[in-house]
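Sequence and predicted structure, then a few things I'm wondering about:
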Amino acid sequence: MPTPTSAPCPCGRGPAFDACCGRYLGTATPAPDAESLMRSRYSAFVRGDVAHLLATWHASTRPATLDLEPGVKWLGLQVRAHRAIDADHAEVEFVARSRVAGRGQRLHERSRFMREGGLWYYVDGDFPSEDKR
């Protein structure tokens with residue numbers, strides 16, 4: 001579902017989509033860091049932008065095709081940590097909330113990113129054990 005360019009950015013960081021993640025989706029402007037790329041990928045999931053998701057997925061782990069689950073309503077994103085490992089590798093830990101068929105879901109992932117040729121790419125991720133509270 002397209003996001004109006006003046007609407008708040010789905011990633012929660014920017015006041016308007018076009019001034020936040022919108023400048024990376026479908027444009028020649030690369031995300032400046034792994035967190036910005038991860039946020040733009042979340043916004044791409046919200047918008048159903050498979051082209052952006054595939055284009056920002058590292059070739060070593062990118063699937064040939066990507067089918068998004070129908071009926072997902074994305075509710076919000078919380079970035080818990082952004083850690084630069086070195087100049088070309090980083091990790092971003094986040095929680096993304098969604099609803100499918102009226103049922104709430106929570107995706108907690110620690111994603112790994114790599115910069116190659118000046119561009120950041122999503123490589124893969126793992127799912128940390130749930131918080132012990």
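Structure received.

May I have the predicted confidence score for residue 6?
Note on residue 6: pLDDT of 77.

I'd assumed residue 17 was in contact with it.
Yes - using C-beta atoms under 8 Å, residue 6 makes contact with residue 17 at a distance of 7.5 Å. Using the backbone N, CA and C atoms, a C-beta is placed for each residue, glycine as well.

The two: which is more packed in?
residue 17 (23 against 11; other C-beta atoms under 10 Å).

Distance check, the more buried one against residue 92.
20 Å (C-beta to C-beta, to the nearest Å).

Helix, strand, or coil at residue 35?
The three-state assignment at residue 35 reads helix, by DSSP: H, G, I helix; E, B strand; the rest coil.

isn't it right next to residue 83, touching?
No - with contact defined as C-beta under 8 Å, residue 35 does not count as touching residue 83 (9.6 Å).

Now do the shared contacts for the two.
90, 92 (C-beta atoms under 8 Å, 6 or more residues apart in numbering).

can you confirm residue 30 is in a helix?
No - assignment of residue 30 by three-state DSSP gives coil, placing it outside any helix.

who does the closest residue to it other than its chain neighbours bridge with?
Residue nearest to residue 30 in three dimensions, not counting chain neighbours: residue 119, with 5.0 Å by C-beta to C-beta, 6 or more residues apart in numbering. Note on residue 119: beta-bridge partners by DSSP bridges are residue 116.

part of a helix, is residue 26?
No - the assignment for residue 26, made by three-state DSSP, is coil rather than a helix.

picking up where we left off before, give me the number of residues near the residue nearest to residue 30?
13.
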